[in-house]
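Asker: Just to be clear, the model below is a prediction. Sequence and coordinates:
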Amino acid sequence: MDPLKNKLTAFYNKFNEDKRLDTRHGQVEFLTSMHYIRQYLMPGDKIVDIGAGPGKYSLALKDLGYDVTAVELTRPNIGKLRAKDKQIKIVEANAVDLSMFEDDAFDVAVLFGPMYHIYDKEQRIKALSEAKRICRRTLFVTYIMNEYAVIEYAFKDNNYSSVKDKLDDDFRIKDPDALFVHSRIEEIDELNEICGLKLLKRFASDGPTDYMRSTVNAMDEETFAAYLAFHLKTCERRELLGASSHIVDILRK
């Protein structure tokens, strides 16, 4: 078992991703991402969900009537997904090697996990290149942002002294042993250029939501609906993208 698979397996044996996405703050991320994905789908599309986790997006897209293949590296998540839907197609594989699939095997590729966890630049390029190879039309790729993590974990809780050794002079997070990898816009743009991917649209899937989780989770129905409407109206604004906890690139070959 490779080191990344070991770390992810240990993490997802304990962490409940479904529970996170079912909270109000998690619903912002999920509903926003689905809002955009649905805009780019066509009847009869074949979709591959690379790094499917416990299957939140795979199952939602399957429920919409699409042919979905879930690709997942860890057995805990595969078990959770299989328990929810015994018929869904699941392939156990690492995002950097999708050689079991032919070129242009799918119309749409969703990568809502791999770029969270792949630290090495060359491996990130391989993951994007493999997704591009097997996808004939549109890719959705999500990242965790550097500035969000610095604000949240270094300064919000007055925790700078315990994490400062993991920050460089430019306040980039540099920790190759970390489970989660944090990105900046210019780094993402470089990956897209190297891989020959055209950016169609970029949006913040949760914007400021993670900074105010307890507040969002406690909102009444009317306030939450208004907050979600505000977020959908502002989530493409360039001045807000880098400070979001997650952004999503919509890409075309």
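Answerer: Nice, thanks for sending it over.
Asker: switch to C-alpha atoms for all contacts and neighbour counts from now on
Answerer: Will do.
Asker: Just the strands from the stretch 51-200 of the chain, written as ranges.
Answerer: Listed from the start of the chain, the stretch 51-200 of the chain has strands (DSSP state E, counting those that start in this stretch) covering 67-72, 89-92, 106-111, 135-145, 182-183, 198-204.
Asker: Partner strands of the fifth one and their direction?
Answerer: Paired neighbours of strand 182-183 in the sheet (DSSP bridges): strand 135-145 (parallel).
Asker: Between strand 198-204 and the longest helix along the chain, find me the angle.
Answerer: For the chain, the helix reaching the highest residue count under DSSP state H is reported as helix 24-39. Taking axes from the mean of the first three to the mean of the last three Cα atoms, to 10 degrees, one finds that helix 24-39 is oriented at 150 degrees with respect to strand 198-204.
Asker: begin at 31 from here
Answerer: With 31 as the first residue, the last one maps to helix 54-69.
Asker: buried set for helix 54-69?
Answerer: The neighbour-count check on helix 54-69 (16 or more other Cα atoms under 10 Å) flags 54-63, 66-67 as buried.
Asker: wait, doesn't residue 112 sit right on residue 118?
Answerer: Yes. Counting by Cα atoms under 8 Å, residue 112 does reach residue 118; the two are 7.3 Å apart.
Asker: Need the contact partners of the next helix or strand after the longest helix of the chain.
Answerer: The first helix or strand that comes after helix 54-69 along the chain, using DSSP states H and E, is strand 76-80. For strand 76-80, the external contacting residues (Cα atoms under 8 Å, 6 or more residues apart in numbering) are 87-88, 96-102, 125, 135-144.
Asker: same thing but 7 Å
Answerer: In this structure, residues lying in contact with strand 76-80 by Cα atoms under 7 Å, 6 or more residues apart in numbering are 88, 96-102, 125, 136-141.
Asker: Of all pairs in those, which one is the farthest apart?
Answerer: Across the contacts of strand 76-80, the two members that end up farthest from each other (Cα to Cα) are 96 and 125, 21.3 Å apart.
Asker: The two: who's more crowded?
Answerer: Neighbour count, other Cα atoms under 10 Å: between residue 96 and residue 125, residue 125 has more, with 25 against 18.
Asker: I'd like the distance between the more buried one and residue 81.
Answerer: Taking Cα to Cα, to the nearest Å as the criterion, residue 125 is separated from residue 81 by 7 Å.
Asker: intersection of neighbour lists for the two?
Answerer: Applying Cα under 7 Å, 6+ apart, one finds that residue 125 and residue 81 are jointly contacted by residue 144.
Asker: What values do phi and psi take at the most centrally placed residue in the chain?
Answerer: Geometric centre of the chain, nearest residue: residue 142, 2.9 Å, by Cα atoms, centre = their mean. When quoted as degrees, to the nearest 10, the phi and psi of residue 142 stand at phi -110, psi 50.
Asker: Report the contact partners of it.
Answerer: Taking Cα under 7 Å, 6+ apart as the contact definition, residue 142 lies against 81, 171-172.
Asker: make it 10 Å
Answerer: With contacts defined as Cα atoms under 10 Å, 6 or more residues apart in numbering, residue 142 is in contact with 63, 79-83, 87, 170-173, 276, 278.
Asker: Against residue 195, how distant is it?
Answerer: Looking at residue 142 against residue 195, where the rule is Cα to Cα, the gap reads 29 Å.
Asker: Kind regards, and thank you for your time.
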